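Novice: Build me a model:
(chains A and B)
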Amino acid sequence: MDTKKTPLFEEHRKLNAKFGPFGGWDMPISYSGIIQEHNWTRNSACVFDICHMGEFIISGPKTAEALNKIVTMNVKKMPLESCKYGFMLNEAGGVIDDLIVYKIEADKFMMVVNAATTDKDFANLKEHLPQDVILKNVSGEIAKIDLQGPLSGEIIKDVLSVDVSPLDYYTFSSYNFLGQENIISRTGYTGELGFEIYVEADKAVELWSKLLKDERVKPAGLGARDTLRLEMSYPLYGHELNDETSPLEAGLKIFVDLEKDFIAKDILLKKQREGLKKRLVCFKVNSRRAPRNGYKILKNNNEIGLVTSGSFSPSLGYGIGMGFVSSEYKEAGTMITLTDSKAQLEAEIIKRPFYKNGSLRHPITRK
Amino acid sequence: MNIEKGLFYTKDHDWIKIDGNQATIGISDYAQHALGDITFVELPGIGKEIKQQETLSTIESVKAASDIYAPLSGKVIKVNEALNETPELINTSTYNEGWIAVVELDKPSEKENLMDATRYEEYLKTLE
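Specialist: Reported below is the predicted structural model:
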């Protein structure tokens, strides 16, 4: 299968990006270097091409009620112009995808989903939504560009002449710029103050170039996006989340509203009643070495779990990771060993997140 | 890509500086660029006897861990301890402060298999 290219592909080539495959797409992994891009996001602001992710528009009479049966968050209770993170589950309680729902009107929503799962998500919605609800896959028509970093709010004001300072964390609004109405949400995947900007695909290059003209902004690739999210212990679909694991084992119960009905709610209640067999934990290594996806987790030479994500932490200067362990070993302070055929690392389970100095909830103020 | 004259190279993108029967070993600019930011270097023990093509060191970047194979056989007599605290020297000073180890050669004739800078440059062109 050919890998897909975003509308910004040529821009990345001009910037001498290193490319790599991700979810069926040929994506920029880094430009100047992952650590530099990571640090620039923590200290100033970086722009990320996130056009590979999928967007659906779901609308029509009683959409909120219908959608509420498919996703784990309560979309009926969401205020207008707010966003909410949650999941679509399969009949066994496994995660089909993690996603964000945007409430545009009482019965009109945008759903933002992962790139590799877009088709699977669309099929699942199609199967479960009633006939009179209109489901549209607009992924090809919408470009998503993220601006993340403590200076992102003032940069948007200066570059796009849009004042996003009234936006609270996980809210959005429509703004007029580039000659059209576009959604900007105060959301992200880095732990910093940040925004996700949705424009028509043919405006992607113009927006990207405008943002990059500002000297406070540098481009960042999926490499830095991964280290930034991992420092915040945010899950990545295919690693911490998959079709066989429920949000409860992944420690994401707060994104599941057990007061309402949805697919596999009974399974989750049963799991809760009977006790969870495994739990997602965060751990830090006692050196600069990084654990990697697939490393075994050992306690007293017994295998108790598997690493799902790991990296060197640029902000903290040591190896960090996440993985699933048998529930009895989940407590912070537990010492564990992480191994593959060549490496053996000593690590300690700690409370999430790894990085605690992010600006994501800071007020948007000008210096 | 920067290719330093006067050094030897392997197809695995090591560089080797031969000085009598001693060889200083590092990784080439092509290799450090491909790996990206180096975050950890596992240095061999001093005194370790190593054969050509055996694992000399493991280098970790943000994205992955890579084994570095010994380009020549011999005994490790010096390692670059500075890499313990500042492994990024491999990125910033590839052919100087980014050296990994010095090996006392068992079989100096093995160096005939190495490429000089001109041949390495030609080899890199075949990879494009």
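Novice: Same question for stretch A:44-59: list its buried residues.
Specialist: A:44-58 (16 or more other C-beta atoms under 10 Å in any protein chain shown). For every residue, glycine as well, the C-beta is placed using N, CA and C.
Novice: That one: how far from the chain's middle?
Specialist: Put simply, stretch A:44-59 sits 10 Å off its chain's centre (C-alpha atoms, centre = their mean, to the nearest Å).
Novice: Strands - which of the buried residues of stretch A:44-59 land there?
Specialist: When these are checked against strands (DSSP state E), the matches are A:45, A:46, A:47, A:48, A:49, A:54, A:55, A:56, A:57, A:58.
Novice: Can you tell me which of those residues is closest to chain B?
Specialist: residue A:46 (15.3 Å; C-beta to the nearest C-beta).
Novice: How much space separates the nearest residue to that closest one once chain neighbours are set aside from chain B?
Specialist: Nearest residue to residue A:46 in three dimensions, chain neighbours excluded: residue A:220, at 3.7 Å (C-beta to C-beta, 6 or more residues apart in numbering or on different chains). When distance is defined by C-beta to the nearest C-beta, to the nearest Å, residue A:220 is 12 Å away from chain B.
Novice: Just give the number of residues close to residue A:220.
Specialist: Around residue A:220 there are 28 other residues, counting by other C-beta atoms under 10 Å in any protein chain shown.
Novice: Looks like it contacts residue A:42 (just checking).
Specialist: No: contact status for residue A:220 versus residue A:42: not in contact, 10.7 Å apart, counting by C-beta atoms under 8 Å.
Novice: Over to residue A:26. Which of the three states is it?
Specialist: Secondary structure for residue A:26, judged by DSSP: H, G, I helix; E, B strand; the rest coil, is strand.
Novice: thought it was touching residue A:13?
Specialist: No: with contacts counted by C-beta under 8 Å, residue A:26 stays clear of residue A:13, the gap being 10.4 Å.
Novice: When the two are compared, which one has more neighbours?
Specialist: The residue with more neighbours, out of residue A:26 and residue A:13, is residue A:26; 16 against 12, by other C-beta under 10 Å.
Novice: Bridging across strands, which residues link to the more buried one?
Specialist: Note on residue A:26: beta-bridge partners by DSSP bridges are residue A:21.
Novice: The residue of chain B found nearest chain A: neighbour count?
Specialist: Proximity to chain A, evaluated over chain B using C-beta to the nearest C-beta, is greatest for residue B:39 at 3.8 Å. Counted with other C-beta under 10 Å, residues neighbouring residue B:39 total 26.
Novice: how many other residues sit next to residue A:258?
Specialist: 13.
Novice: residues in chain B within reach of chain A, list them.
Specialist: With C-beta under 8 Å from any C-beta of the partner chain as the criterion, chain B meets chain A at residues B:36-37, B:39-40, B:42, B:58, B:60, B:62-65, B:67, B:87, B:91.
Novice: Just give me the least confident of the residues you listed.
Specialist: Note: of the residues of chain B next to chain A, the lowest pLDDT belongs to residue B:63, at 84.
Novice: Settle this for me: that residue is touching residue A:222, isn't it.
Specialist: No: the criterion here is C-beta under 8 Å, and residue B:63 misses it with residue A:222 at 10.0 Å.
Novice: Do you have the strands of the stretch 251-367 of chain A handy? List them.
Specialist: In the stretch 251-367 of chain A, strands defined by DSSP state E, counting those that start in this stretch lie at A:278-285, A:296-299, A:302-312, A:319-326, A:335-339, A:344-350, listed in chain order.
Novice: Report pLDDT for the closest residue to residue A:185 other than its chain neighbours.
Specialist: Beyond its immediate neighbours in the sequence, the residue positioned closest to residue A:185 (C-beta to C-beta, 6+ apart) is residue A:172, lying 3.5 Å away. According to the prediction, residue A:172 has pLDDT 98.
Novice: dump the residue contacts of residue A:107.
Specialist: Under the criterion of C-beta atoms under 8 Å, 6 or more residues apart in numbering or on different chains, the contact partners of residue A:107 comprise A:59, A:60, A:61, A:62, A:63, A:64.
Novice: Mark which of those residues are buried, thanks.
Specialist: Here, 16+ other C-beta under 10 Å leaves A:63, A:64 buried among the contacts of residue A:107.
Novice: Next step: the contacts of residue A:107 restricted to strands.
Specialist: Counting by DSSP E, the contacts of residue A:107 place residue A:59 in strands.
Novice: Filtering the contacts of residue A:107 by proximity to chain B, which remain?
Specialist: Intersecting those with the surroundings of chain B, defined as C-beta under 8 Å from any C-beta, gives nothing.
Novice: could the contacts of residue A:107 be laid out in TSV, adding pLDDT and distance to residue A:116?
Specialist: Formatted as TSV, the entries for the contacts of residue A:107 read as follows, by pLDDT from 0 to 100; distance: C-beta to C-beta, whole Å:
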residue	pLDDT	distance to residue A:116
A:59	98	25
A:60	97	28
A:61	95	32
A:62	96	30
A:63	98	26
A:64	98	28
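Novice: Now render the contacts of residue A:107 as JSON lines, adding distance to residue A:94.
Specialist: Conversion of the contacts of residue A:107 to JSON lines gives the following (distance: C-beta to C-beta, whole Å):
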{"residue": "A:59", "distance to residue A:94": "28"}
{"residue": "A:60", "distance to residue A:94": "28"}
{"residue": "A:61", "distance to residue A:94": "31"}
{"residue": "A:62", "distance to residue A:94": "27"}
{"residue": "A:63", "distance to residue A:94": "25"}
{"residue": "A:64", "distance to residue A:94": "25"}
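Novice: where do the contact lists of residue B:63 and residue A:222 overlap?
Specialist: Listed as contacting both residue B:63 and residue A:222 by C-beta under 8 Å, 6+ apart are residue A:29.
Novice: mind listing the helices for chain B?
Specialist: Secondary structure of chain B (DSSP state H): helices at B:29-35, B:82-85, B:89-92, B:117-127.
Novice: Send over stretch A:126-134 as PDB, restricted to the C-alpha atoms.
Specialist: Output for stretch A:126-134, consisting of C-alpha atoms alone and laid out as PDB, is shown next (Å, rounded to 0.1, in the frame of the first residue of the first chain):
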ATOM      1  CA  LYS A 126     -21.600   3.700  10.600                       C
ATOM      2  CA  GLU A 127     -22.700   0.400  12.100                       C
ATOM      3  CA  HIS A 128     -24.100   1.900  15.300                       C
ATOM      4  CA  LEU A 129     -25.500   5.300  14.400                       C
ATOM      5  CA  PRO A 130     -29.200   5.300  13.300                       C
ATOM      6  CA  GLN A 131     -29.900   6.000   9.600                       C
ATOM      7  CA  ASP A 132     -31.100   9.600  10.100                       C
ATOM      8  CA  VAL A 133     -27.800  10.700  11.700                       C
ATOM      9  CA  ILE A 134     -25.500  12.100   9.100                       C
END
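Novice: Any buried residues in that stretch, and which?
Specialist: Buried residues in stretch A:126-134, defined by neighbour count with 16+ other C-beta under 10 Å: A:129, A:133.
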